[in-house]
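Chemist: can't give you the sequence, but here's the structure:
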C-alpha cells in the first residue's frame, strides 16, 4: 500500500441502530419468568427436597413447558404453561394398585352410570347350552404368569406379597415373578382378610354363565376367551374368598348382592359399565337391584 499505510477495517455498526430492538432482551426474561411459573405450579412433594430435586422429579412438566415456549415463539401460537398429571412408576416392577377395588364416585359419574343403566337392554335369561370350557380362562400374561396371578397381584395390599421367580427364589420384581406365596387381600364382598392366595377365587363380576344366558352364548370363541381374561376393567376380575364366589355362582344382582354394603356402589357401577362395554342384557329384577345399589353411592 502507498506510503506504507495500513488499511483500516471500518467499525462494525450495531444492528440495532439508533433505538433498535434485540429479541433476546425480551425473550430471555420471559423464558426465566415462565420457568419460575412452571416451577411454582409443581405440587409439593414432601419426599423431594430442593429446587434441583424438584426439577428432576417433575422434569416432564418443565420440559413440556420449554417445548411449548419454543413452539410459541416460532409459530406465534399462544404458549401453554400448564402442566398435565400422570401416573408415576416406582420402577421396581411392583404393581402400583392400591390393593382395593373400591372407588369413590363423583356426582357426574353416578349420573352417567344411572343413564347407562337405563339404556341397557332388558330381557329374561335365555336357555342356552352353556359350557364353561368354551370360555377359556387364565391366559398367560408372560411365560409363567397368568391372568389369575395378575389379578391377584393387582389387588394385594401394597408391599404385602411374597413373590418367587422361575428358580423358586424370592423376588421383589413382579415382572420376573412366577408365583405368589403369600400376601394380604381384603375380600370386597365380605371384608374378610385373606393371606393365602390359594384361598382366593377370581370372580368375574358379571359371571360367565350369566353372560352366556344374556347374549354371550352367541359370541365367537375368541370373544368368549377375551371376556374371560379381560384385565382392562379394574373391577372385571375380582379376588374374593372362595366361599363368597361360590355363594354367588352365576347369579345376577336381583338374586345375590355382596354382604358388604359399602361395596354396593362399586359393584353396581362396574356391572353397568361392563354390560354397556360388552352389550350384555339384564333382567328387570337385576335392573331394579342395580338401581337400589346405585342409590347407596355418595359423591
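Modeler: Good, I have the coordinates. Since the structure is predicted, the reported quantities are computational estimates derived from the model, not experimental observations. Residues are numbered from 1 along each chain as shown.
Chemist: Can you check the distance spanned by stretch 253-261, start to finish?
Modeler: Separation of the first and last residues of stretch 253-261 by C-alpha to C-alpha, to the nearest Å is 13 Å.
Chemist: ok, and what's touching that stretch?
Modeler: 188-191, 244, 247-249, 264, 267-268, 271, 283, 285-286, 288-290, 293, 296 (C-beta atoms under 8 Å, 6 or more residues apart in numbering). In this view, the C-beta of every residue, glycine as well, is placed from N, C-alpha and C.
Chemist: tell me the mean pLDDT for that stretch?
Modeler: Summarised as a single mean, pLDDT over stretch 253-261 is 98.
Chemist: out of the contacts of stretch 253-261, which are inside helices?
Modeler: 244, 247-248, 264, 267-268, 271, 285-286, 288-290, 293 (DSSP state H).
Chemist: Of all pairs in those residues, which one is the farthest apart?
Modeler: Largest separation among the ones in helices among the contacts of stretch 253-261 by C-beta to C-beta: 244 and 288, giving 22.4 Å.
Chemist: Which residue ranges of the stretch 151-299 of the chain form helices?
Modeler: Remark: helices assigned in the stretch 151-299 of the chain by DSSP state H, counting those that start in this stretch are 208-213, 221-228, 242-248, 264-278, 284-294.
Chemist: how near is residue 234 to residue 269?
Modeler: 10 Å (C-beta to C-beta, to the nearest Å).
Chemist: Distance check, residue 199 against residue 272.
Modeler: 29 Å.
Chemist: Settle it for me: which of these two has more neighbours?
Modeler: residue 272 (27 against 13; other C-beta atoms under 10 Å).
Chemist: ok, the more buried one touching residue 120?
Modeler: Yes - here residue 272 reaches residue 120: they are 7.2 Å apart, a contact under C-beta atoms under 8 Å.
Chemist: tell me the phi and psi of the residue nearest to residue 267 when sequence neighbours are not counted?
Modeler: Nearest residue to residue 267 in three dimensions, chain neighbours excluded: residue 258, at 5.8 Å (C-beta to C-beta, 6 or more residues apart in numbering). When read as degrees, to the nearest 10, the backbone of residue 258 gives phi -60, psi 140.
Chemist: mind starting the numbering at 59 from now?
Modeler: In the new numbering, first residue 59, that becomes residue 316.
Chemist: Now do the strands in the stretch 109-258 of the chain.
Modeler: All strands of the stretch 109-258 of the chain, identified by DSSP state E, counting those that start in this stretch, fall at 198-200, 203-204, 220-223, 228-229, 235-240, 243-244, 251-252, 258-262.
Chemist: sorry, back to before: can you tell me which of the ones in helices among the contacts of stretch 311-319 is nearest residue 337?
Modeler: Distances from residue 337 to those, taken by C-beta to C-beta, are shortest for residue 329, at 13.8 Å.
Chemist: hmm, back to that, which of residue 302 and residue 346 has more residues huddled nearby?
Modeler: Comparing residue 302 with residue 346 by other C-beta under 10 Å, the one with more neighbours is residue 302, at 20 against 13.
Chemist: State the distance from residue 310 to residue 233.
Modeler: Here residue 310 is placed at a distance of 37 Å from residue 233 (C-beta to C-beta).
Chemist: between the two, which one's more packed in?
Modeler: Neighbour count, other C-beta under 10 Å: between residue 310 and residue 233, residue 310 has more, with 22 against 11.
Chemist: from memory that one sits against residue 345, does it?
Modeler: No - look at residue 310 against residue 345 with C-beta under 8 Å: they stay out of range, at 9.4 Å.
Chemist: So for these two, which residues contact both of them?
Modeler: With C-beta under 8 Å, 6+ apart as the test, residue 310 and residue 345 reach no residue in common.
Chemist: what number of residues lie near the closest residue to residue 338 other than its chain neighbours?
Modeler: Nearest non-adjacent residue to residue 338, counting by C-beta to C-beta, 6+ apart: residue 272, 5.1 Å away. Using other C-beta under 10 Å, residue 272 has 25 other residues around it.
Chemist: For residue 272, list the residues it contacts.
Modeler: Contacts of residue 272 by C-beta under 8 Å, 6+ apart are 181, 183-184, 338-341.
Chemist: So what's the residue count around residue 230?
Modeler: Residue 230 has 13 nearby residues by other C-beta under 10 Å.
Chemist: Correct me if wrong: it contacts residue 221.
Modeler: Yes - here residue 230 reaches residue 221: they are 7.0 Å apart, a contact under C-beta under 8 Å.
Chemist: Which of the ones in helices among the contacts of stretch 311-319 are buried? Put it as a ChimeraX command.
Modeler: Buried residues within the ones in helices among the contacts of stretch 311-319, by 16 or more other C-beta atoms under 10 Å, are selected in ChimeraX with:
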select :302,306,322,325,326,329,344,347,348,351
